[in-house]
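J.: Sharing a sequence plus its predicted fold:
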Amino acid sequence: MNWHLRLRQQPALRVDLRGLLPTALAALDAAGVAQQRVWHGNETLALGDLFDIKPAPAGDAPQLHFEGNLSRVDGLGWGLEAGLIVVEGSVGDHLGTQMRGGEIHVLGDAGDLAGCEMAGGRLGIAGSVGDFAASPLPGSMDGMRGGVLVVQGRAGARFADRMRRGTAVVHGDVGDFCASRLVAGTVALGGRCGVHPAYGMRRGSLVFAGVAPEAAPLTFVPTRHDLRVFWALLALELNGHGGVFAGLAQRQPQRFVGDLAAGGQGEWLMLGR
Amino acid sequence: MTERGLAVNGVAIDDSFAEAFPMKATRLVITAHTLAWARHAAVAATGFATSVIACGCEAGIERELDGHDTPDGRPGIAVLIFAMSGKELAKQVERRVGQCVLTCPTTAVYAGLQEGEAIPLGKNLRFFGDGWQIAKMLGGQRHWRIPVMDGEFVAQEMTRVVKGVGGGNLLLLATDTEAALAGAEAAVEAMRHVPGTIMPFPGGVVRSGSKVGSKYSALPASTNDAYCPSLATLVPHSALTPEIGCVLEIVIDGLSEADVAASMRAGLQAITERGAAAGVLRVGAGNYGGKLGPFHFHLHKLLGVAA
């Protein structure tokens, strides 16, 4: 059974919805769903106290549809392995943290730490995200480890910090220290970038498809070789994200390698220079 | 095995069958800056690969690909490689790609099959990069970028192995050398258009058809004396009639039983369309009595004639 959950009103405190996953709720009836306990501040509430719950049309995979301003609702889709979560509104922090499969689509904005340590699946945000998206949880060594994260709007600071695998795409601007300490994977930017992009980068690719920085830092060096084969493959991969990423194959990037200050062999692929 | 009861345009079709064996197979897609360079690499990678008896594998060019059919949008060549085991196939793929594709200017190599057991393609070749190699997941597949003197060599990490069929064959019995060659060339030309198949011998044709065993104990196979014109009047079990002066064989390996059957059918039709007047008087097939290989391609069935 798929479920539609409409938030009655903005909760007074932050709500933690981790564990509330489509596959877990698919086996329950309406009363069972309403009785699910969720954290509200330092106390638990029944899900039915916060949301109007009704069945949703069946789909190919278990689905949860949320409606309302969920900007005080954290942990949505934490550890998602399968199914679909759609949010018609904005959500709070830790959206899709440690998700390993399935899909999450948010039609509004997301808070901090979206897609933290996600290892699979697809996380799409039509609005903007806060800081530390696609990054590690505090104390962890690796950020995003797989899957696809797409932000249509802007991203905050430390986007894709310590990211290890997967593809993270931002159509708008990103904040400072984007792709810092990048281990591997692909980060593609459609807008402007804050200061110190790819600081301490080890490997991986940072694609400036829109507005490239004025100059690469001194710890990044240009390379001179025929890049067309790899670029054709990567451009095809990014082409499906549309916007500035469509038609990249017709443009040729300039490549810089670094961050040499960290012994890195990562690459900047800068277009439009 | 060689009874003749069917003739098409005067070409006798033996009531016989080709006996084929299961093999392990993979398809590689080799691309390059131009089709010519892709072909150079493909020809080299499929060289010395006529028979598993001594080459380790059987390989050949399947078809040419334009940019719409290749991962990187460049022209390419699809090659098929067959071996008797997955382990031997993995060894042959690595050696051949490492020595013949990695070395060829501007090339890149990708898996041409999406399903089956995975074996290394660029996985170990990456160490040629001496630490400068770069991995990248693209389309869910890991690729390696290895620095080389013309830029970088891109290779997909793994390729897929499927159960193939090796040893489909046609025997062309002709009046003389010229007629046999012309018939074989026409058949091979038609068979090259069948996807999923290769004909691993030079020009797709083999003159040294073999039988199992030999009078010399060290040899596992020896000349197919029953089809040697020079022995027609000497060996009691010769399959040749006096008007036959030259015999050529076309061997087919395919990704499936249906592919091999389609190829043999195309070859048969090409030969029979030319008619007996062209010099190929009879078509037969090589087998071992049906006791060794599980795939039997009956010539009459291929032509739609009930057994």
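T.: Yes, it's here.

J.: Now the strand or helix carrying B:Ala180: average pLDDT?
T.: If you go by DSSP states H and E, B:Ala180 is part of helix B:177-191. Regarding helix B:177-191, the rounded mean pLDDT is 98.

J.: from what I can see B:Phe48 touches B:Cys55, true?
T.: Yes: with contact defined as CB atoms under 8 Å, B:Phe48 counts as touching B:Cys55 (5.5 Å). The C-beta positions use only the backbone N, C-alpha and C, and glycine is treated the same way.

J.: Among those two, which residue is more densely surrounded?
T.: Neighbours were counted for B:Phe48 and for B:Cys55 using other CB atoms under 10 Å in any protein chain shown; B:Cys55 has more, 15 against 12.

J.: and that one, which of the three is it?
T.: The local conformation at B:Cys55, judged by DSSP: H, G, I helix; E, B strand; the rest coil, is coil.

J.: Remind me which helix or strand the residue of the stretch 1-150 of chain A found nearest chain B belongs to.
T.: Nearest residue of the stretch 1-150 of chain A to chain B: A:Gly146, at 8.2 Å (CB to the nearest CB). Element membership for A:Gly146 (DSSP H and E) is strand A:145-151.

J.: Can you list the helices and strands that that strand packs against?
T.: With contacts defined as 3 or more CB pairs under 8 Å, 6 or more residues apart in numbering or on different chains; DSSP states H and E, strand A:145-151 has these neighbours: strand A:119-125, strand A:165-170.

J.: Below-threshold pLDDT in the stretch 151-300 of chain B: ranges please.
T.: Within the stretch 151-300 of chain B, not a single segment meets pLDDT under 70.

J.: Please report phi then psi for B:Gly168.
T.: The phi/psi pair for B:Gly168 (degrees, to the nearest 10) reads phi -60, psi 150.

J.: List the contacts of it.
T.: For B:Gly168, the contacting residues are B:Ala18, B:Ala20, B:Val251, B:Ile252, B:Asp253, B:Gly254, B:Val260, B:Ala261, B:Ser263, B:Met264, B:Phe295, B:Phe297, by CB atoms under 8 Å, 6 or more residues apart in numbering or on different chains.

J.: Any idea how many residues pack against the closest residue in space to the last one that isn't next to it in sequence?
T.: So the one you mean is B:Phe297. In this structure, B:Phe297 finds its nearest non-sequential neighbour in B:Ala18, 4.4 Å apart by CB to CB, 6 or more residues apart in numbering or on different chains. The tally of other residues near B:Ala18 (other CB under 10 Å) stands at 26.

J.: Just the pLDDT at B:Ala18, thanks.
T.: Per-residue pLDDT puts B:Ala18 at 96.

J.: does it belong to a helix or a strand, and which?
T.: Secondary structure from DSSP H and E places B:Ala18 in strand B:17-31.

J.: Buried residues, the helix holding B:Ala180. List them.
T.: By 16 or more other CB atoms under 10 Å in any protein chain shown, the buried positions in helix B:177-191 come out as B:Ala179, B:Ala180, B:Leu181, B:Ala182, B:Gly183, B:Ala184, B:Ala186, B:Ala187, B:Val188, B:Ala190, B:Met191.

J.: and the stretch 51-200 of chain B, which residues reach chain A?
T.: For the stretch 51-200 of chain B, the contact set with chain A under CB under 8 Å from any CB of the partner chain comprises B:71-74, B:106, B:108, B:132, B:134-139, B:143, B:145, B:147, B:150-152, B:154.

J.: How about the residue nearest in space to the middle of chain A: which residues does it bridge to?
T.: Centrality entry for chain A: nearest residue to the mean C-alpha point is A:Leu149, 3.8 Å, by CA atoms, centre = their mean. A:Leu149 forms beta bridges with A:Leu123, A:Ala168, as assigned by DSSP bridges.

J.: returning to what we had before: nearest to B:Leu6 among the helices and strands packed on strand A:145-151 would be which one?
T.: Closest of the helices and strands packed on strand A:145-151 to B:Leu6 is strand A:119-125, at 58.5 Å (criterion: CB to CB).

J.: so what secondary structure elements neighbour that closest one?
T.: Where contact means 3+ CB pairs under 8 Å, 6+ apart, strand A:119-125 is packed against strand A:100-106, strand A:145-151.

J.: need the helices for chain A, in chain order.
T.: A:22-26, A:30-34, A:47-50, A:228-239 (DSSP state H).

J.: contacting residues around the nearest residue to B:Asn287 once chain neighbours are set aside?
T.: Distance criterion CB to CB, 6+ apart; nearest residue to B:Asn287, sequence neighbours excluded, is B:Glu19 at 3.6 Å. Each residue near B:Glu19 by CB under 8 Å, 6+ apart is listed here: B:Gly167, B:Ala285, B:Gly286, B:Asn287, B:Tyr288, B:Gly289, B:Gly290, B:Leu292, B:Gly293, B:Phe295, B:His296.

J.: Against B:Val165, how distant is the residue nearest to the second one when sequence neighbours are not counted?
T.: The one in question is B:Ala285. Using CB to CB, 6+ apart and skipping residues adjacent in sequence, the residue nearest B:Ala285 is B:Ala18, 3.9 Å away. B:Ala18 sits 10 Å away from B:Val165, going by CB to CB, to the nearest Å.
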